[in-house]
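Asks: Please work out how this folds:
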Amino acid sequence: MNDEKFNQEYSILNPEQKKAVDTIDGPVFVMAGPGTGKTQILTLRIANILKEAPGVEPENILALTFTNTASYNMRERLSGLVGGELAHRVQINTFHSFAEEMIRANSDFFPRLFGARLVGDIERIELLEELLTEMNSKYFSIFKRRSGTMGSVMFAIDKIKNEGLTALEFEQKTLEQFASSMKDEALFYKVSRGDKKKGDIKPAELAKRERRRDKNLELGNLYEGYQSKMEEKNFYDFSDLILFFIDSLQSNEEFKMEMQERFQYILVDEH
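Replies: Residues are numbered from 1 along each chain as shown. Here you go, the predicted structure:
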């Protein structure tokens with residue numbers, strides 16, 4: 001541990017930032033805008049855990065970020081505080097790379113991936129075209145703006161997966177959001193006008209919300225079919241890794257206990 005470097009970096013923090021670094025045990029939430037030093041706080045907190053927490057090894061600390069660049073920067077900063085050897089023993093990953101690494105290291109807990117391979121972009125498009133033809137989709141036609149439609153569908157499915165949602169959970173969320181939107185004041189006339197009375201629902205606004213709901217429900221069906229075909233063909237895509245990891249944590253007590261025992265401190269950058 002480079003105490004001089006740590007003390008130097010620590011000394012320029014404000015009182016709230018110091019409190020976040022000093023609070024080793026228990027949950028800590030830091031809310032701040034871009035460029036305000038959140039990554040630096042996380043890095044100093046990791047160093048402080050290694051310095052102050054008895055019996056904690058670098059391997060017991062997990063730090064998650066969104067980009068490879070952020071992951072690299074955090075490790076470089078940590079190296080300056082605790083040295084390269086300790087810094088490289090701390091588990092610093094993006095969400096996807098962490099899930100991939102844990103799945104590879106614990107393959108017995110992921111039978112779905114036995115013999116499976118990562119799907120290619122062309123294969124994803126072909127699979128979606130096949131699925132859309134079978135579904136006779138109303139909102140996602142493969143005959144209109146083919147490349148744009150395929151790209152939009154793949155992006156939407158990836159976004160749902162990155163939220164950690166199954167097809168059923170996405171459908172439930174869609175219905176909940178629609179029900180909530182029906183209470184929105186913007187849906188109702190605020191004053192009487194012609195044959196429209198104050199408090200009546202605006203037909204055009206209702207139609208817009210119903211269309212959004214129905215399109216998302218169809219997207220949910222498409223997502224469910226896409227996952228079924230991926231499994232049928234023994235494919236998986238990059239976003240599946242997070243879903244597989246979450247599912248195993250929730251359904252396999254042994255795997256969950258292994259993860260809990262190994263990672264005693266979890267820090268997330270820009271959650």
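Asks: for the residue most central in space within the chain, what are its contacts?
Replies: In the chain, the residue lying closest to the centroid (CA atoms, centre = their mean) is N162, at 4.1 Å. Contacts of N162 were listed using CB atoms under 8 Å, 6 or more residues apart in numbering, and they are S239, I242. C-beta: built from backbone N, CA, C; applies to glycine.
Asks: So for it, what pLDDT did the model give?
Replies: Reading off the confidence values, N162 has pLDDT 83.
Asks: cool, and the one 5 residues further on?
Replies: Turning to A167, the model gives it a pLDDT of 93.
Asks: My guess is it contacts S228. True?
Replies: No. Using CB atoms under 8 Å as the test, A167 is too far from S228 to be in contact (9.3 Å).
Asks: So for those two, which sits in the more crowded spot?
Replies: Higher neighbour count among A167 and S228: A167, with 19 against 12, using other CB atoms under 10 Å.
Asks: what's the weakest-modelled helix or strand in the chain?
Replies: Scoring the helices and strands of the chain by mean pLDDT, DSSP states H and E places helix 146-162 at the bottom, with a mean of 83.
Asks: Tell me, please, where in the stretch 51-200 of the chain the pLDDT is lower than the cut-off.
Replies: Low-confidence segments of the stretch 51-200 of the chain, defined by pLDDT under 70: 141-147.
Asks: Show me the helices in it, by range?
Replies: Under the criterion DSSP state H, counting those that start in this stretch, the stretch 51-200 of the chain contains helices at 68-82, 84-87, 95-105, 121-135, 146-162, 167-181.
Asks: Dump the ones you listed into JSON lines; add distance to I24 as well.
Replies: Listed next are those as JSON lines, based on distance: least, CB to CB, whole Å:
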{"stretch": "helix 68-82", "distance to I24": "15"}
{"stretch": "helix 84-87", "distance to I24": "17"}
{"stretch": "helix 95-105", "distance to I24": "22"}
{"stretch": "helix 121-135", "distance to I24": "44"}
{"stretch": "helix 146-162", "distance to I24": "30"}
{"stretch": "helix 167-181", "distance to I24": "34"}
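Asks: Now do K161 against L219, distance only.
Replies: In this view, K161 and L219 are 12 Å apart by CB to CB, to the nearest Å.
Asks: now E4
Replies: 55 Å.
Asks: Between these two, which has more neighbouring residues?
Replies: Neighbour count, other CB under 10 Å: between E4 and L219, L219 has more, with 22 against 8.
Asks: thought the more buried one was touching A156?
Replies: Yes. Using CB under 8 Å, L219 makes contact with A156 at a distance of 5.8 Å.
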